[in-house]
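Participant: test case, fold it:
(one chain, ligands or ions: 1)
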Amino acid sequence: MENDLKSVAESLSGKSVDIIPYIDYLLQDLWELGTDAAHVAAMFRTYLPLPFAERSVLDLGCGKGAVSIRIAKELGCKVDGFDLFPIFIDHCQKLSKEHGVFGQCSFAVQDIRQVVERGLRYDAVVYGALGNVFGDTVSKLGKLKQTVAEKGLLYLDEAYQESGNDYPTYESWIEAFQQQNLTLIEAHEPSLDEISAVNWENQRKIEYRADQLIAKNPAIASLIEDYVESQRLECIELETDIKPVCWLLRS
Ligand SMILES: C[S@@+](CC[C@H](N)C(=O)[O-])C[C@H]1O[C@@H](n2cnc3c(N)ncnc32)[C@H](O)[C@@H]1O
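Facilitator: Numbers count the residues shown, from 1 in each chain. Reported below is the predicted structural model:
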């Protein structure tokens with residue numbers, strides 16, 4: 001259980017699991033938690049074969065369902081979303097009802113490390129802004145590929161780094177795709193302006209909620225301030241050393 005929560009905390013930029021009880025409050029003003037749902041929908045609209053209503057999509061680490069619900073609503077696909085954080089799955093259920101796509105979507109609390117072993121294959125799979133749940137790049141791609149139907153799509157919201165110290169280099173991503181027999185269809189690198197606008201707006205929203213939490217409970221100030229600081233450092237890294245990139249691949 002500790003290992004599960006560590007995976008959730010790390011994927012949301014938390015340094016320890018102690019932040020978990022406060023995450024939902026801190027992120028309450030954000031629906032998208034990393035991946036640009038409009039871009040995923042545009043890619044699937046372009047590359048999934050018609051009719052979309054017959055296409056199945058898997059959203060691994062679906063957060064509050066921003067990507068799943070957009071795809072269900074805009075394209076009419078059937079979507080299965082999995083996340084380890086139960087409160088987020090509650091949000092997915094509620095939001096899918098509000099958006100009129102409850103019947104097309106199925107959301108469940110499950111570790112995606114188990115989901116990829118179930119032997120089910122989807123027409124398109126999204127792995128959006130989760131970072132390193134599966135270990136090294138080649139093994140991760142191997143695990144994700146297990147969920148993609150023949151000629152199906154795999155959308156990855158990832159990052160690269162020239163030094164290769166904390167993230168793979170651009171070239172090592174390309175090599176890993178080749179090793180796993182995945183064909184690169186598109187690489188999308190958002191502009192610096194796009195990245196800054198979204199990240200700093202999200203940071204402002206998180207800081208607003210952090211101030212409220214600290215005012216209510218000063219004893220947790222250092223825990224919350226550490227979280228805000230790690231988010232702030234991530235915003236800076238994503239404008240300098242680390243380059244966000246979305247890969248669309250075909251199996
Ligand atoms: C940065 S969020 C991205 C959420 C969503 N993909 C989006 O872009 O809006 C990362 C998500 O991964 C989930 N997560 C982390 N490790 C997981 C695991 N092992 N199994 C399932 N979900 C996991 C977290 O709970 C969190 O909701």
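Participant: all contacts plus neighbour counts: C-alpha atoms, from now on.
Facilitator: OK.
Participant: could I get the full set of helices for the stretch 101-250 of the chain?
Facilitator: Listed from the start of the chain, the stretch 101-250 of the chain has helices (DSSP state H, counting those that start in this stretch) covering 112-115, 137-145, 170-179, 192-216, 221-237.
Participant: quick one: buried residues of the lowest-mean-pLDDT helix or strand in the chain?
Facilitator: In the chain, the helix or strand scored least confidently by mean pLDDT, DSSP states H and E is helix 2-11, which has a mean of 81. By neighbour count, and taking 16 or more other C-alpha atoms under 10 Å as the criterion, the buried residues in helix 2-11 are 5-11.
Participant: can you narrow those to ones near the ligand?
Facilitator: Counting by C-alpha under 6 Å from any ligand atom, the subset of the buried residues of helix 2-11 that neighbours the ligand consists of 7-8, 11.
Participant: burial count for the residue of the stretch 101-250 of the chain found nearest the ligand?
Facilitator: Distance from the ligand to each residue of the stretch 101-250 of the chain (C-alpha to the nearest ligand atom) is smallest for D111, at 3.5 Å. The number of residues packed around D111, counting by other C-alpha atoms under 10 Å, is 18.
Participant: skipping adjacent residues, who's closest to it in space?
Facilitator: L84 (5.4 Å; C-alpha to C-alpha, 6 or more residues apart in numbering).
Participant: I'd say G61 and D83 touch.
Facilitator: Yes. Using C-alpha atoms under 8 Å, G61 is in contact with D83, at 4.5 Å.
Participant: shared neighbours of these two, anything?
Facilitator: I112 (C-alpha atoms under 8 Å, 6 or more residues apart in numbering).
Participant: run through the residues that contact S196.
Facilitator: Counting by C-alpha under 8 Å, 6+ apart, S196 makes contact with 235, 239.
Participant: could you report the pLDDT at G131?
Facilitator: According to the per-residue confidence, G131 scores 85 in pLDDT.
Participant: need phi/psi at it.
Facilitator: As for G131, its main-chain torsions (degrees, to the nearest 10) stand at phi 70, psi -140.
Participant: so what's the closest residue to it other than its chain neighbours up against?
Facilitator: Closest residue to G131 apart from its sequence neighbours, by C-alpha to C-alpha, 6+ apart: S11 at 6.3 Å. By C-alpha under 8 Å, 6+ apart, the contact set of S11 is 129-133.
Participant: what does the stretch 51-200 of the chain have sitting close to the ligand?
Facilitator: Counting by C-alpha under 6 Å from any ligand atom, the stretch 51-200 of the chain comes close to the ligand at 61-63, 66, 82-85, 110-113, 128-130, 133.
Participant: ranking the residues you listed by neighbours, who comes first?
Facilitator: Of all those, the most densely surrounded is C62 (32 neighbours; neighbours counted as other C-alpha under 10 Å).
Participant: on that earlier part again, next structured bit after the least confident helix or strand of the chain?
Facilitator: Sequence-wise, the next helix or strand beyond helix 2-11 is helix 20-26, with elements assigned using DSSP states H and E.
Participant: mind listing what's buried in that next one?
Facilitator: 20, 23, 26.
Participant: okay, these in JSON lines with distance to K97 and pLDDT next?
Facilitator: Rendered in JSON lines, the data for those read as follows (distance: C-alpha to C-alpha, whole Å; pLDDT from 0 to 100):
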{"residue": "I20", "distance to K97": "26", "pLDDT": "96"}
{"residue": "I23", "distance to K97": "23", "pLDDT": "97"}
{"residue": "L26", "distance to K97": "23", "pLDDT": "98"}
